[in-house]
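predicted model, plus sequence, below.
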Amino acid sequence: MRVLTAVIAIAAGVLIAGGYFFPALTDVQTLLLNWAIILAGFATLVGIFNLIAVHTGKIRRGEKGSVYSALLFIALVATLFFGMILRPDHSTMKIVMNGIIIPTEAALMGMLTISLLYAAIRLLRRRADMMGIIFLVTAALLMLGSATLPFGNIPLIGTLLSPWVTQILALGGARGILIGVALGTLTAGLRVLFGADRPYGGT
């Protein structure tokens, strides 16, 4: 069975990769990618049903935090119900998106920013080195430069320094991370294609 799964996975990977280089394999590549999208959709549904099962179990047992599980379940069912009836492009769904989901995401990002700054301060208390100081100063300058203040942007910080850091230094670092992710993904894919790694076989 492991040999069969290895053969199927390697053959599918070779056909999909070959579709980028040989036009004759484009139709096969498209078919396999469509199958993968369908399987990913079913996997998402399985994850949703598992989420519902876990939280409904917490509600039945009355565990600690079951109120939040009930709120999650109600919000999930209501969003799914109204989304299927009204469709995502309906004005009501857009109000929900703009009035609930986007502000929640913004609040989470704000909490993440404060948490990073607090972590930098704690890092300086334990080990005050040059890299920690640079990290803390950079985080503080970016927060001051991107914050919405009553009197507008801070001179030099909000108009010159913060954009330079985010658009040059941070963008270069983000590109480096993306290149590293791409190389790691390519390496992992090649190892699966050559049979060195067999995640589909349980090893």
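Yes, it's here. Since we're looking at a predicted model, the values are computed, not measured.

give me the low-pLDDT residue ranges for this protein?
Along the chain, the model assigns pLDDT under 70 to residues 1-2, 147-154, 158, 197-203.

so what secondary structure elements neighbour the longest helix seen in the chain?
Ranked by residue count under DSSP state H, the longest helix found in the chain is helix 26-61. Helices and strands touching helix 26-61, by 3 or more Cβ pairs under 8 Å, 6 or more residues apart in numbering; DSSP states H and E, are helix 2-18, helix 66-86. In this view, the C-beta of every residue, glycine as well, is placed from N, C-alpha and C.

quick one: residues contacting Ser162.
Ser162 makes contacts with 141-142, 144-146, as judged by Cβ atoms under 8 Å, 6 or more residues apart in numbering.

most neighbours, which of these?
Among the contacts of Ser162, Gly145 has the most neighbours (other Cβ atoms under 10 Å), with 20 neighbours.

any idea how far that one lies from Lys94?
Counting by Cβ to Cβ, to the nearest Å, the gap between Gly145 and Lys94 amounts to 31 Å.

and if you look at Ile85?
Distance from Ile85 to Lys94, by Cβ to Cβ: 15 Å.

distance between the ends of stretch 10-28?
This stretch, stretch 10-28, spans 14 Å end to end (Cα to Cα, to the nearest Å).

oops, could you answer that again for stretch 60-70 instead?
So stretch 60-70: terminal residues 10 Å apart, Cα to Cα.

who touches that stretch?
Stretch 60-70 is contacted from outside by 55-56, 58-59, using Cβ under 8 Å, 6+ apart.

which of those lies closest to Met111?
The shortest approach to Met111 among those belongs to His55, at 22.6 Å (Cβ to Cβ).

which residue is the nearest non-sequential neighbour of the closest one?
Excluding its sequence neighbours, the residue lying closest to His55 (Cβ to Cβ, 6 or more residues apart in numbering) is Ser69, at 3.9 Å.

identify each buried residue in the longest helix of the chain, please.
29, 32, 55, 58 (16 or more other Cβ atoms under 10 Å).

go on, stretch 117-125?
If you call a residue buried by 16+ other Cβ under 10 Å, then stretch 117-125 has these buried ones: 117, 120, 123.

so which of these are in helices?
Applying DSSP H to those, the entries found in helices are 117, 120, 123.
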